[in-house]
Structures are given as C-alpha cells and as structure tokens.
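Undergrad: pasting the sequence and the predicted model now:
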Amino acid sequence: MEPLKILFTGESWIKHVIHMKGFDQFHTTEYEEGASVFLENLTREGHDVNYVRGHEISSRFPKTAQEIDEYDVVVISDIGSNSFQLPDETFLRSEASPNRLGVVAEYVRRGGGLVKVGGYMSFTGIDGKARFGMTPLADVLPVTMLPYDDRIEVPEGCKVEVCRPEHPVLGDTSSDWPPLLGYNRVVARDDAEVVARTGDDPILVTGHHGDGRVVAFTSDLAPHWAPPEFVEWSNYALLWSSILSWASGRS
C-alpha cells in the first residue's frame, strides 16, 4: 500500500491514584498511552504518523485548513469533543478560537479522510460525556449517535460478522475476526455501508461527506474493548492500513 501521512489523536490519559494504607494515604500520578501497537504497526507499514496526545490538542491540533490539508487522513480515537472545543485560549482566557472539529468537517468536505474510532470517550461515550453528536462531526460521520451513554459492554466477547467481505476498506483481510469486548452503539445512515456488525449493531461503517471519505469503527483499537487476541491478530496491521487507505481515497 502507498504510504500515507496520518494525523492521529487520542488514546492517552493521566491517572491520579489514591493509595489507602490503614490510617495513611498518598497519591501518585501516571501517564499512559494505549495506541502503541497500533502506531508501531503503522510505522512498520511505512506510514508517516503525527501523534497528537490528548493533552496536546489545544496546542498542536490543526486550527486552519492549511495545517490540516498536509494530511491524507485524520484519526480521532477515544478522546472527547471537549478537548477540541474548549482550547486553552477559550476556556482559560475567554478568547475566540477556531472550532477544531469544524476544521476537520471542512477538511473532509474538501476531500480529506476521517476515521473515527470508538471507546469510552468516543461518539456519545460514557455518561454521554464525549458528545460528538453535538459537534460539527455529527453531519460528517456515516452514523447517527445516541443522545445518551452509548456503551455496550460484552465481557463474554461478541462475534463480529463481516457482511461485506468484498468492500475495499477491508483489503485482503480475513472475515474471521477475533471477538471484541464492547463497542459504542450507533445507527448507520441510510446512505452509508455497514461492512461489519455484531447482531444488528454496526462495527465498521463507511460513508462519504462532500468530496471526502469517512469511516466509523465503533469498537476500540486497543484494550480494553480490543483484547490481546484482536490486537495480536495476524490481520490487525493490514486491517488498519486498509481502513486508512480507503479513507484517504488511495485504495
């Protein structure tokens, strides 16, 4: 596949932990990233990836068409809409600032590619906090989001059915996917294509917006919804390269 220039954001977090030991307690802070295997595979495939961590969105995520048009595809994974819509200059200093999700929407309309990946802070998300249905991406994504907590937890594992195995978004990947442990429930738009699903719920959906292409992958690319069996699957790297290539218009 032809190498792509990819803007990837999300999949990072900071944990503040309280340790209770009898009468005493102390705090520790930990920083973690969840997309290491995903990013390593993309680099190994020859793709040029710019990783903007969650806490860097305010300072590093593109604010102009000129900045974002450098990329073939944008990936937003498990990071809520507030990180894009409440930048430091607006939230801390009450200064007007470009709506970064509006910048993404216009980028797709002009012909860019967007891949939206699921998680606790994706689509509508846990307790409704991701709230992408209230943003400019609501009209761009090939799915309609629920107005409430959309997580479907499947601790026993859910079987994924590839219902359009011939779709180029899959490349030459196997139709026999390892089970997933959960996903965000969405509703596919009438003009979208559901490529994979579990029961009646979409897992992989493709669509178009203006001159651009959009993919919604409603489960995770890393734990916990993507268990080791999925992340270590022999088709994992090829699946994501195929998804990104289709979204970019290169497939």
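TA: Received the coordinates, thanks. Numbering: from 1, shown residues only.
Undergrad: and the residue lying closest to residue 45 once chain neighbours are set aside, how many neighbours does it have?
TA: Once flanking residues are discounted, residue 45 sits nearest to residue 241: 5.1 Å by Cβ to Cβ, 6 or more residues apart in numbering. C-beta here means a position set from N, CA and C on the backbone, and glycine is covered the same way. Per other Cβ atoms under 10 Å, the neighbour tally for residue 241 reads 22.
Undergrad: how close does residue 241 get to residue 82?
TA: 30 Å (Cβ to Cβ, to the nearest Å).
Undergrad: my guess is residue 204 contacts residue 198. True?
TA: No - counting by Cβ atoms under 8 Å, residue 204 sits too far from residue 198 to count as a contact (10.3 Å).
Undergrad: more neighbours: which of those two?
TA: The residue with more neighbours, out of residue 204 and residue 198, is residue 204; 24 against 21, by other Cβ under 10 Å.
Undergrad: show me the beta-bridge partners of the closest residue to the more buried one other than its chain neighbours.
TA: Closest residue to residue 204 apart from its sequence neighbours, by Cβ to Cβ, 6+ apart: residue 196 at 4.0 Å. Here residue 196 sits in beta bridges with residue 162, residue 204, as judged by DSSP bridges.
Undergrad: tell me the contacts of residue 196?
TA: Going by Cβ atoms under 8 Å, 6 or more residues apart in numbering, residue 196 touches 160-164, 177, 202-204.
Undergrad: so which residues of the stretch 51-200 of the chain form strands?
TA: For the stretch 51-200 of the chain, strands defined by DSSP state E, counting those that start in this stretch occupy the ranges 73-77, 113-117, 143-145, 151-158, 161-162, 180-184, 186-188, 193-198.
Undergrad: can you put these in CSV and add mean pLDDT?
TA: CSV is the format used below for those (pLDDT from 0 to 100):
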stretch, mean pLDDT
strand 73-77, 98
strand 113-117, 98
strand 143-145, 98
strand 151-158, 98
strand 161-162, 98
strand 180-184, 98
strand 186-188, 98
strand 193-198, 98
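Undergrad: reformat these as CSV; add distance to residue 100.
TA: Below are the strands of the stretch 51-200 of the chain laid out as CSV (distance: least, Cβ to Cβ, whole Å):
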stretch, distance to residue 100
strand 73-77, 10
strand 113-117, 13
strand 143-145, 18
strand 151-158, 25
strand 161-162, 33
strand 180-184, 21
strand 186-188, 22
strand 193-198, 28
